[in-house]
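1. The sequence and its predicted three-dimensional model are supplied below.
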Amino acid sequence: MTVQTQKESFLNFVNGEWIASSSGKVGASINPANKEDIVGYVQMSTKEELDQAVVAAKAAQQSWKKLSGHDRGTYLFKVADILESRIDEIAECMTREMGKTLPESKGETARGIAILRYYAGEGLRKVGDVIPSTDSSALMFTTRVPLGVVGVITPWNFPVAIPIWKMAPALIYGNTVVLKPAQDTAITALKVVECFAEAGLPAGVVNVVTGSGSVIGQALTDNPDVNAITFTGSNGVGKRIGQSVLARGGKYQLEMGGKNPVIVAADANLDLAVEATISGAFRSTGQKCTATSRVIIQNEIYESFKEKLLTKTKEIRIGGGMIEGIWMGPCANESQFNTVLSYIEKGLEEGANLLAGGKQLTGEGYDNGYFVEPTIFENVTSDMTIFQEEVFGPLISLIKVNSLEEGLEVANDVQFGLSASIFTTNIQKMLSFINEMEAGLVRINSESAGVELQAPFGGMKQSSSHSREQGEAAKEFFTSIKTVFIK
Ligand code: TAP
């Protein structure tokens with residue numbers, strides 16, 4: 001994001017008002033499919049504005065927590081309706097800011113609407129249990145109370161769904177929110193907050209402050225009045241946030257990277273496995289934390305799988321996400337684009353064999369954007385960088401194995417454990433995979449990417465702070481349990 005001084009820009013939302021930053025500086029949000037297209041400008045805010053937002057959220061929480069779950073849910077239903085009425089506009093903004101194709105952006109926005117409705121309904125569901133006391137004349141039960149002010153720090157890859165899947169549960173359980181969205185897709189996130197504003201939530205309940213992670217994200221993390229931080233993003237940033245919040249006694253939740261494997265067993269339906277590998281690896285240009293990045297194939301079917309995969313990969317239509325029929329867009333920003341190219345370089349240097357792609361796309365429709373070919377390596381070993389590190393781009397590694405046991409060993413031989421899938425028709429292999437795979441999400445005969453909003457989501461190992469988001473699991477993070485004893 002380039003910093004400039006510009007008056008016409010999107011504003012912060014603090015204490016129910018849209019305000020400019022005192023810095024007088026704004027950052028331009030650039031379309032990664034066409035660098036000449038500036039989507040708009042957002043505030044490069046200072047710590048001062050962030051602190052104001054926290055003060056507003058803290059004050060508003062006192063009355064917000066006193067509303068019934070039903071009443072808070074009524075607001076969320078309203079936000080969902082407003083977002084639904086703006087789905088085309090917000091999806092277009094997302095495609096321009098982030099690069100994913102328009103159908104994907106619409107799908108993500110529809111998902112945001114469904115999440116809002118799911119948590120609106122949570123306002124009427126149970127929040128505790130009756131536990132038998134040893135004292136027969138007493139009543140003992142648990143209830144749940146809000147944490148207070150929740151700081152929400154989000155990445156650029158799902159600029160509608162991730163802020164919503166954090167804010168909606170935070171709000172329904174009686175917390176107030178200060179959102180710090182990724183600068184690269186801040187306009188899309190601001191449009192989501194406009195929906196909350198239009199729904200008439202009381203001032204201070206939802207606030208958003210844009211600016212760089214190192215200034216605004218850090219200030220949110222360090223503010224002692226922020227009772228909890230929920231973060232999705234890279235491992236490096238996540239771990240630093242966790243340490244800071246822990247040091248001041250706050251609660252935190254970190255959802256971070258993945259290096260997700262797909263195992264293709266000898267008995268797999270190969271057409272299904274190929275289709276799911278391509279979708280898991282290259283949709284959203286590989287920029288999903290659950291994207292497939294390692295494909296582990298039993299040797300009996302290695303050559304036929306590879307041939308089918310290469311044929312299908314050649315059919316992928318790449319271009320600007322607004323163009324009809326385009327299946328894969330650009331990398332979301334310049335830094336991601338350079339990262340992907342440097343991992344390709346690393347793969348070649350370390351001796352992997354390039355089977356497809358490997359280059360920046362050039363020519364008409366490509367020269368102004370961050371387009372990289374879908375890239376496939378083979379002869380990749382576990383000591384190579386592209387085997388171990390998250391690329392977050394359209395790059396996969398093929399690895400040949402002799403058995404399912406070896407496949408599982410290879411699949412688990414990384415520091416991450418977010419999602420994994422297997423293609424097999426054998427129930428015994430499915431069960432071994434379910435039992436042995438070290439991942440928070442295991443999928444059978446389905447791509448590694450894919451999360452349902454009513455089910456818990458999160459990773460093992462270095463992929464998360466071992467908490468879960470979404471579905472009922474969100475209650476664990478966004479509330480505290482209070483045990484009540486009445487005599
Ligand atoms: P990050 O660079 O970690 O950024 C994530 C957020 O943290 C952004 O809002 C960023 O702000 C902010 N931030 C940066 N430095 C900060 C600091 N010192 N203190 C507080 N906040 C700070 O990640 P990204 O590049 O946006 O996203 C890609 C990564 O997210 C990938 O590694 C991917 O695996 C991960 N991801 C994980 C999941 C799940 S659910 N596990 C889902 C999606 C993405 P600015 O961008 O404005 O600087």
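-> Right, received. Where do you want to start? This structure is a prediction, so every number in the text was calculated from the model and none was measured. Numbers count the residues shown, from 1 in each chain.
2. chain center to the helix or strand containing Leu310: distance?
-> Leu310 is located in helix 299-314, with elements delineated by DSSP states H and E. Its chain's average C-alpha position is 30 Å from that of helix 299-314, according to CA atoms, centre = their mean, to the nearest Å.
3. Could you do stretch 358-366 as well?
-> The answer for stretch 358-366 is 27 Å, by CA atoms, centre = their mean.
4. cool, stretch 259-271 as well?
-> 25 Å.
5. Is any residue of it near the ligand?
-> No. Judged by CB under 6 Å from any ligand atom, stretch 259-271 makes no contact with the ligand; its nearest approach is 9.4 Å. Quick note: C-beta positions are derived from backbone N, CA and C, even for glycine.
6. End to end on that stretch, go ahead and measure it.
-> Criterion CA to CA, to the nearest Å; first-to-last residue distance in stretch 259-271 is 23 Å.
7. could I get stretch 312-332 in PDB with only the CA atoms?
-> C-alpha atoms of stretch 312-332 as PDB (Å, rounded to 0.1, in the frame of the first residue of the first chain):
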ATOM      1  CA  LYS A 312      -6.400 -30.200 -16.500                       C
ATOM      2  CA  THR A 313      -3.900 -27.500 -15.200                       C
ATOM      3  CA  LYS A 314      -3.300 -26.400 -18.800                       C
ATOM      4  CA  GLU A 315      -7.100 -25.700 -19.100                       C
ATOM      5  CA  ILE A 316      -7.100 -23.100 -16.300                       C
ATOM      6  CA  ARG A 317      -8.200 -19.700 -17.500                       C
ATOM      7  CA  ILE A 318      -6.200 -17.000 -15.800                       C
ATOM      8  CA  GLY A 319      -6.900 -13.300 -15.800                       C
ATOM      9  CA  GLY A 320      -8.700 -10.400 -14.100                       C
ATOM     10  CA  GLY A 321     -11.300 -11.700 -11.700                       C
ATOM     11  CA  MET A 322     -14.000  -9.400 -13.100                       C
ATOM     12  CA  ILE A 323     -13.900 -11.100 -16.500                       C
ATOM     13  CA  GLU A 324     -16.500 -13.800 -17.100                       C
ATOM     14  CA  GLY A 325     -15.100 -17.300 -17.400                       C
ATOM     15  CA  ILE A 326     -11.800 -16.500 -15.600                       C
ATOM     16  CA  TRP A 327     -11.000 -19.300 -13.100                       C
ATOM     17  CA  MET A 328      -7.900 -18.000 -11.400                       C
ATOM     18  CA  GLY A 329      -6.900 -14.400 -10.700                       C
ATOM     19  CA  PRO A 330      -3.600 -12.700  -9.700                       C
ATOM     20  CA  CYS A 331      -1.700 -12.800  -6.500                       C
ATOM     21  CA  ALA A 332      -3.300 -10.400  -4.100                       C
END
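8. On the three-state scheme, the closest residue to Ile131 other than its chain neighbours is what?
-> Ranked by CB to CB, 6 or more residues apart in numbering and with sequence neighbours excluded, the top spatial neighbour of Ile131 is Met140, at 5.0 Å. Three-state assignment for Met140 (DSSP: H, G, I helix; E, B strand; the rest coil): strand.
9. Contact partners for Met140?
-> Val130, Ile131, Pro132, Ser133, Thr483, Val484, Phe485, Ile486 (CB atoms under 8 Å, 6 or more residues apart in numbering).
10. What residues sit buried inside the helix holding Leu310?
-> Under the neighbour-count criterion of 16 or more other CB atoms under 10 Å, helix 299-314 has Ile301, Tyr302, Phe305, Lys306, Lys308, Leu309, Lys312, Thr313 buried.
11. Can you show me the CA trace of the longest helix seen in the chain as PDB?
-> Longest helix of the chain, by residue count under DSSP state H: helix 102-122. Listed next in PDB are the C-alpha coordinates belonging to helix 102-122 (Å, rounded to 0.1, in the frame of the first residue of the first chain):
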ATOM      1  CA  LEU A 102     -16.200 -12.400  -8.900                       C
ATOM      2  CA  PRO A 103     -18.100 -15.700  -8.300                       C
ATOM      3  CA  GLU A 104     -15.700 -16.500  -5.500                       C
ATOM      4  CA  SER A 105     -16.200 -13.000  -4.000                       C
ATOM      5  CA  LYS A 106     -20.000 -13.500  -4.200                       C
ATOM      6  CA  GLY A 107     -19.700 -16.900  -2.600                       C
ATOM      7  CA  GLU A 108     -17.600 -15.400   0.200                       C
ATOM      8  CA  THR A 109     -20.100 -12.600   0.800                       C
ATOM      9  CA  ALA A 110     -23.000 -15.000   0.800                       C
ATOM     10  CA  ARG A 111     -21.100 -17.000   3.400                       C
ATOM     11  CA  GLY A 112     -20.700 -13.800   5.500                       C
ATOM     12  CA  ILE A 113     -24.500 -13.400   5.400                       C
ATOM     13  CA  ALA A 114     -25.100 -17.000   6.500                       C
ATOM     14  CA  ILE A 115     -22.600 -16.600   9.400                       C
ATOM     15  CA  LEU A 116     -24.400 -13.500  10.600                       C
ATOM     16  CA  ARG A 117     -27.700 -15.300  10.600                       C
ATOM     17  CA  TYR A 118     -26.200 -18.300  12.300                       C
ATOM     18  CA  TYR A 119     -24.800 -16.200  15.200                       C
ATOM     19  CA  ALA A 120     -28.000 -14.100  15.300                       C
ATOM     20  CA  GLY A 121     -29.700 -17.400  16.200                       C
ATOM     21  CA  GLU A 122     -27.100 -18.200  18.800                       C
END
